[in-house]
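> give the three-dimensional model of this entry:
(one chain, ligands or ions: 1)
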Amino acid sequence: MSKNENNETNFGFKNVDKLEKPKMVKDVFDSVSENYDLMNDLMSLGIHRLWKRGTVELTNLKQGDSVLDVAGGTGDLSLLMSDIVGENGEVILSDINEKMLKLGKARSIDKNKLNIKTAVADAENLPFSDESFNCITIGFGIRNVTNKEIALKDFQRCLKPGGRLLVLEFSKPEMPVISDLYDFYSFKILPKLGKFFAQDEDSYKYLAESIRMHPSQEKFKEMLESANFKKVSYDTMTAGIVTLHIAEK
Ligand SMILES: C[S@@+](CC[C@H](N)C(=O)[O-])C[C@H]1O[C@@H](n2cnc3c(N)ncnc32)[C@H](O)[C@@H]1O
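Residues are numbered from 1 along each chain as shown. Sure thing, here's the model as predicted:
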């Protein structure tokens, strides 16, 4: 690999300099933030709520625990986990994007979830002490992170021994018929939904492309093992459209 290739990463189907990607990702989420929750319901017909519930059920969290929701955006996972850890526990809803986080904070206040705190934080450089959390979650965030290996090492650092990491992310359906239908939906319909409902075709094109560029389940499992996670496993949901990786420190 040439030096130049080492400095490059993908932004959807484009190759870009690694230093440019964070700004490009920021622009996407600045643009989609206002319609983010509506579009999630529309694009998935509400099924993203089941994926998120399924994830939270496997956190093993209990009353009094401390959990970090990385790339937590408007806070869906944080809101669900808030009730589980209770008033003696703590949920840190973190995201690199201030607009997304502001919406998440407003929702947590509206719903009176007093144990949710927010923090602007880059997954690659978390501003938390070693061994602070019983659990770390990241939902639909990891594929946007430029240096995933660095982020995984930082998750490992911030987890308590025995703590659990859950990575929920889009994946690719394996059955050919479903895969063809999914491609048609992703590349032909999704960007048009984005254009119609959010006046933003490009961000939804990026969404479809970034899913295709995300490492396979087996590759991502290897990445977790290389970051020294143990008991790494994964489960696919909805015919492989989404995968949940679970790992322990
Ligand atoms: C698709 S949203 C997911 C939001 C939420 N977790 C959910 O499931 O609805 C992806 C989020 O990742 C955030 N993000 C992207 N790169 C990040 C990074 N390096 N560190 C932290 N957050 C990041 C974006 O700002 C955005 O809010």
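> where does pLDDT dip in the chain?
In the predicted model of the chain, residues 1-5 satisfy pLDDT under 70.
> just the element for whatever residue of it ends up closest to the ligand, please.
When scored by Cβ to the nearest ligand atom, the chain has residue 73 as its residue closest to the ligand, at 2.7 Å. Every residue, glycine included, has its C-beta placed from N, CA and C. If you go by DSSP states H and E, residue 73 is not part of any helix or strand.
> might you enumerate the residues of this protein proximal to the ligand?
Residues of the chain found near the ligand (Cβ under 6 Å from any ligand atom) are 25, 29, 70-73, 76-77, 95-97, 100, 122-124, 139-141, 144-145.
> just to revisit the earlier point, I figured the residue of the chain closest to the ligand hits residue 97, correct?
Yes - in this structure, residue 73 is within contact of residue 97 by Cβ atoms under 8 Å, at 7.4 Å.
> ok, those two, which is more surrounded?
Neighbours per residue (other Cβ atoms under 10 Å) separate residue 73 from residue 97, with residue 73 holding more: 27 against 21.
> from residue 162, how far out is the more buried one?
27 Å (Cβ to Cβ, to the nearest Å).
> go on, residue 75?
26 Å.
> of those two, which one has the most company?
Per other Cβ under 10 Å, whichever of residue 75 and residue 162 has more neighbours is residue 75, with 27 against 10.
> the more buried one contacts residue 107, correct?
Yes - at 5.2 Å, residue 75 counts as touching residue 107 under the criterion of Cβ under 8 Å.
> in its sheet, what does the longest strand seen in the chain sit against?
Longest strand in the chain by number of residues (criterion: DSSP state E): strand 159-170. For strand 159-170, the pairing partners within the sheet under DSSP bridges are strand 133-139 (parallel), strand 242-248 (antiparallel).
> deepest of those, which one?
When those are scored by mean count of other Cβ atoms under 10 Å, the highest mean neighbour count falls to strand 133-139 (a mean of 26).
> residues in contact with that one?
52, 55-56, 59-61, 65-73, 76-77, 81, 92, 123, 155, 158-160, 163-169 (Cβ atoms under 8 Å, 6 or more residues apart in numbering).
> pull the distance from it to the chain's centre.
The chain centroid and the centroid of strand 133-139 are separated by 11 Å, computed with Cα atoms, centre = their mean, to the nearest Å.
> over to stretch 193-207?
19 Å.
> the closest residue to residue 76 other than its chain neighbours sits in which helix or strand?
With sequence-adjacent residues excluded and distances taken as Cβ to Cβ, 6 or more residues apart in numbering, residue 76 is closest to residue 52, at 5.1 Å. Following DSSP H and E, the helix or strand that holds residue 52 is helix 47-57.
> by contact count, what packs against the helix or strand following that helix?
Downstream of helix 47-57, the next assigned helix or strand under DSSP H and E is strand 66-70. Applying 3 or more Cβ pairs under 8 Å, 6 or more residues apart in numbering; DSSP states H and E, one finds that strand 66-70 contacts helix 76-85, strand 90-95, strand 133-139, helix 148-158.
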